[in-house]
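coordinates only, sequence not included:
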């Protein structure tokens, strides 16, 4: 069935991850941006399964454009992807009990204290950016991810994937000089 082209059905031999409960743990979406022909012309959203985050990322249609003279449909990373449940109730099973805009992916990769967001905490709770004295400046343009897809073939013509990986640091005894200002 050509309509199933590119749909991921399992990852590491399983149809769900151990990282999240309920529907959030299901392996679903496209694998690596491969879509059935014509999908981009008929759908308002697409999903890409990210093995780095153990979850699908949803992209929503934002309009028609031209890339090198080729007509495309642009899909941008949905604003609710890393939202907590106070912003998006559907994200309950991600157990993201932190301020909105950052996804805890600790359970995904060897239980490393890892969190993902848009660059410079774009669309996240201001408390994240407020922790930095300099270097973190949210702006509207240039911080989002998008797929530019030719509508008939559904082949991505241009892909912009912009995510920020955040690691939680904790004080380590004996290395005070490095962590002296860490709260």
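It's in. Small disclaimer: the values here were computed from a predicted structure and weren't measured.

And the strands in this protein?
45-50, 55-67, 70-77, 102-104, 114-117, 146-149, 156-160, 164-167 (DSSP state E).

so what strands line up beside the fourth one?
Strand partners for strand 102-104, identified by DSSP bridges, are recorded as strand 114-117 (antiparallel).

same deal with the third one?
Here strand 70-77 is paired, per DSSP bridges, with strand 55-67 (antiparallel), strand 146-149 (antiparallel).

Look up how far residue 18 lies from the closest residue to residue 147 other than its chain neighbours.
Here the nearest residue to residue 147 in space, its sequence neighbours aside, is residue 75; by CB to CB, 6 or more residues apart in numbering that works out to 4.6 Å. C-betas here are computed from N, CA, C, even on glycine. Separation of residue 75 from residue 18 (CB to CB, to the nearest Å): 29 Å.

and the two? which has more neighbours close in?
Neighbour comparison, residue 75 and residue 18: the larger count goes to residue 75, with 25 against 11 (by other CB atoms under 10 Å).

For that one, which residues count as its bridge partners?
Listed beta-bridge partners, residue 75: residue 61, residue 147 (assigned using DSSP bridges).

Renumber starting at 26 from here on
All set: I'll call the first residue 26, so the last point we hit is now residue 100.

Correct me if wrong: it contacts residue 82.
No: counting by CB atoms under 8 Å, residue 100 does not reach residue 82; the two are 10.5 Å apart.
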